[in-house]
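In: take a look and give me a structure for this.
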Amino acid sequence: MFVLLTAVRRAHPLHACLIVAGLGVSCASVHEPQLAPDEVLGALDQRVEGPARIFDALDLAGLDVLALPRPTSEECAEPRSAGYWRACALAWNPSVRAARRELERALAAAHLAGQPEGIESRIESMDLSDIERESKVSVTFDLLGLLGLGPAQVAREAARVDVLRAHSRLESAVWSSIFEVERARVRLAASRKRQADLTTLLGQVIGQTARFEVLERRGRLSEADVASVGAAAHEVEHEISSEKVREAGLRAELARVSGLAFEHAAFDEVDSEVLEEPAADPGPRSAREVLEQDPALRELTLEFAQAEMRVRAVAASAWPTLRAGPQFTFMPSELLVGGMLDLSVPWPGTVEKQMRVARAEREAARERVEDALNLALARVASLREILSEQRLLAQEHAPELDEAEELNWQAVNARLRYGRATAMEWTLSARARKAPLVGLVDAREAAEIAALDLAQACGIATTPKEVAP
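Out: Residues are numbered from 1 along each chain as shown. The predicted structure is shown next:
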């Protein structure tokens, strides 16, 4: 309520009370609740049981937006399944949680959009001891707002677009979290697979230690040979230690995108089976399909819709502000009842200048959609070629190199048993065996990551069982 007091010599007690009451309401303090540490710790403790605990209690964010299938109760109870980690991301991924709250805020704000402006009261008071003086009280209402016309209508439509935009942000957050958690699983599984293969190789290398110790005691190994044999085992151990360090970082990344605690037992279930779940290769996608199915592009499209609404809001600002209501005139001898009309129009030229700005912003939003689509199409084309080469490497070149080096390694060990291989030959073979062993896992990891990148760029949610959006 807006209260104006003009030409006052001595305010009437009633008017003074109204002013004090209005100031008291506007200056009322808002209680700010304190966040207790126990509340935060208790919320984290609820994640210990994994997504199975929240399956029936929580409407997992984003499922309706993307039409993704709801993870089954069996998947939520099985950390080896992709659905388990997807459910964790939908429930606890920080970006998804923030986008879900933003959608709630937009929905709440939409209920307030387009409401009429506040009721205004105007009081003009003179000294009543003078019979020539008088007091006037007027109350006005926003007529256009009550009728839902002009700025009120545009505000409601703008709020609707804001809700759509919030939905789009949630969709993008869910979409990104799904692929983030899958990439994190693949990388963690690949790291553990490398450790397992290197540990097997280390066992084979150490297994020959006794033979070389015998040769050393018999004086058949030089000091250089002894050092080379020992270095071979240390090199493999060094690779294993480096991979363990990398595993810790990858586990932390999976904990971040999934929302589970770093110490959660579910991380122990991520193993090499993840690398044996090849994602489906999306077929050719047209420009229209990419524009309609890529959540990031749909979000940019809604940015354009918001820019269009700003143009319409500027156009609506050209409407006059119209307020009307009763007016009461208090005189010493009588009370007069009349009406009051308050009309205001924008300053000439202001709307036109604002319209030029809004139209320029709208054109910039359209160009962003155009440029993003062009970039997305180029990314899809490049990722398709990358995936083709990565799969060729993972399915043909890397396995052949690994098999050839494995045969050579076995042959060197066989000759060593019959005394036909030198320590230097064996050492060089041990070192050579390490690279293709790790390279095979690297190739499989890269192929899986490339398949996920392509699926995300195409707007197709793929898991070991393809899911149509």
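In: only C-alpha atoms from now on, for both contacts and neighbour counts.
Out: Will do.
In: how near is residue 381 to residue 368?
Out: 20 Å (CA to CA, to the nearest Å).
In: same question, residue 362
Out: With CA to CA as the criterion, residue 362 and residue 368 are 10 Å apart.
In: which residues touch stretch 182-197?
Out: The contact list for stretch 182-197 (CA atoms under 8 Å, 6 or more residues apart in numbering) reads 82, 85, 240, 243-244, 246-247, 250-251, 253-254, 270-275, 437-438, 441-442, 445, 448-449, 452.
In: before we move on, the earlier item: of residue 362 and residue 368, who's got more company?
Out: Using other CA atoms under 10 Å as the criterion, residue 362 and residue 368 rank with residue 362 on top: 21 against 17.
In: thought the more buried one was touching residue 308?
Out: Yes - taking contacts as CA atoms under 8 Å, residue 362 lies within contact range of residue 308: 5.9 Å.
In: can you give me the strands in this protein?
Out: Taking DSSP state E, the strands of the chain run over residues 5-6, 120-124, 135-142, 321-330, 335-344.
In: list the buried residues of stretch 88-98.
Out: Neighbour counts over stretch 88-98 (16 or more other CA atoms under 10 Å) mark 88, 89, 90, 91, 92, 93, 94, 95, 96, 97 as buried.
In: burial count for residue 371?
Out: Neighbours of residue 371 using other CA under 10 Å come to 11.
In: quick check, pLDDT for residue 106.
Out: pLDDT for residue 106: 85.
In: least reliable of the strands of the chain going by mean pLDDT?
Out: Among the strands of the chain, strand 5-6 carries the lowest mean pLDDT, at a mean of 34.
In: and the gap between residue 200 and residue 111?
Out: Computed as CA to CA, the residue 200 to residue 111 distance reads 64 Å.
In: what about the stretch 301-450 of the chain, any weak spots by pLDDT?
Out: Along the stretch 301-450 of the chain, the parts satisfying pLDDT under 70 run over 319-325, 327-333, 335-336, 339-343, 345, 347-348.
In: show me where it has helices.
Out: Secondary structure of the stretch 301-450 of the chain (DSSP state H, counting those that start in this stretch): helices at 350-392, 398-417, 423-458.
In: same list (those helices) but as a markdown table, adding distance to residue 290.
Out: Output for the helices of the stretch 301-450 of the chain, formatted as a markdown table (distance: least, CA to CA, whole Å):
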| stretch | distance to residue 290 |
| --- | --- |
| helix 350-392 | 8 |
| helix 398-417 | 33 |
| helix 423-458 | 6 |
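In: the lengthiest helix in the chain versus helix 423-458: what angle between them?
Out: Using DSSP state H, we find that the single longest helix of the chain is helix 151-207. Angle, helix 151-207 to helix 423-458, by axes from the mean of the first three to the mean of the last three CA atoms, to 10 degrees: 170 degrees.
In: what residues are up against residue 358?
Out: 307, 310, 311, 314.
In: between those, which sits nearest residue 397?
Out: residue 307 (51.3 Å; CA to CA).
In: for the closest residue to the closest one other than its chain neighbours, give its distance to residue 291.
Out: Spatial nearest neighbour of residue 307, chain neighbours left out: residue 362 (4.8 Å); criterion: CA to CA, 6 or more residues apart in numbering. Taking CA to CA as the measure, residue 362 and residue 291 are separated by 19 Å.
In: now residue 223
Out: Going from residue 223 to residue 291 by CA to CA gives 67 Å.
In: neighbour count winner among those two?
Out: Using other CA under 10 Å as the criterion, residue 223 and residue 291 rank with residue 291 on top: 24 against 10.
In: contacts only, for the residue lying closest to the more buried one once chain neighbours are set aside.
Out: Leaving aside its sequence neighbours, residue 291 sits nearest to residue 297 (CA to CA, 6+ apart; 5.8 Å). With contact taken as CA under 8 Å, 6+ apart, residue 297 is in contact with 291, 369, 372, 373.
In: cool, and residue 95?
Out: Going by CA under 8 Å, 6+ apart, the list of residues near residue 95 reads 173, 177.
In: low-confidence ranges in the stretch 101-250 of the chain?
Out: For the stretch 101-250 of the chain, residues meeting the criterion pLDDT under 70 lie at 114-116, 118, 123-135, 141-150, 153-154.
In: burial count for the residue nearest to residue 269 when sequence neighbours are not counted?
Out: Excluding the flanking residues, the one nearest residue 269 by CA to CA, 6+ apart is residue 80, at 5.6 Å. For residue 80, the number of neighbouring residues by other CA under 10 Å comes to 18.
In: does residue 80 touch residue 270 like I think?
Out: Yes - using CA under 8 Å, residue 80 is in contact with residue 270, at 6.3 Å.
In: for the residue positioned nearest the centre of the chain, what are its contacts?
Out: In the chain, the C-alpha closest to the average C-alpha coordinate belongs to residue 173, at a distance of 3.1 Å (CA atoms, centre = their mean). Contact partners of residue 173, counting by CA under 8 Å, 6+ apart, are 95, 96, 99.
In: roughly how far apart are it and residue 93?
Out: 9 Å.
In: ditto for residue 441
Out: 28 Å.
In: do residue 164 as well
Out: Residue 164 is 21 Å from residue 93, where distance means CA to CA.
In: same question for residue 395.
Out: Distance from residue 395 to residue 93, by CA to CA: 34 Å.
In: got it, and residue 276?
Out: For residue 276 relative to residue 93 (CA to CA), the value is 25 Å.
In: quick one on the thing from earlier: just how off-centre is the longest helix of the chain within its chain?
Out: From the chain centre to the centre of helix 151-207 is a distance of 8 Å (CA atoms, centre = their mean, to the nearest Å).
In: and the angle from it to helix 398-417?
Out: 20 degrees.
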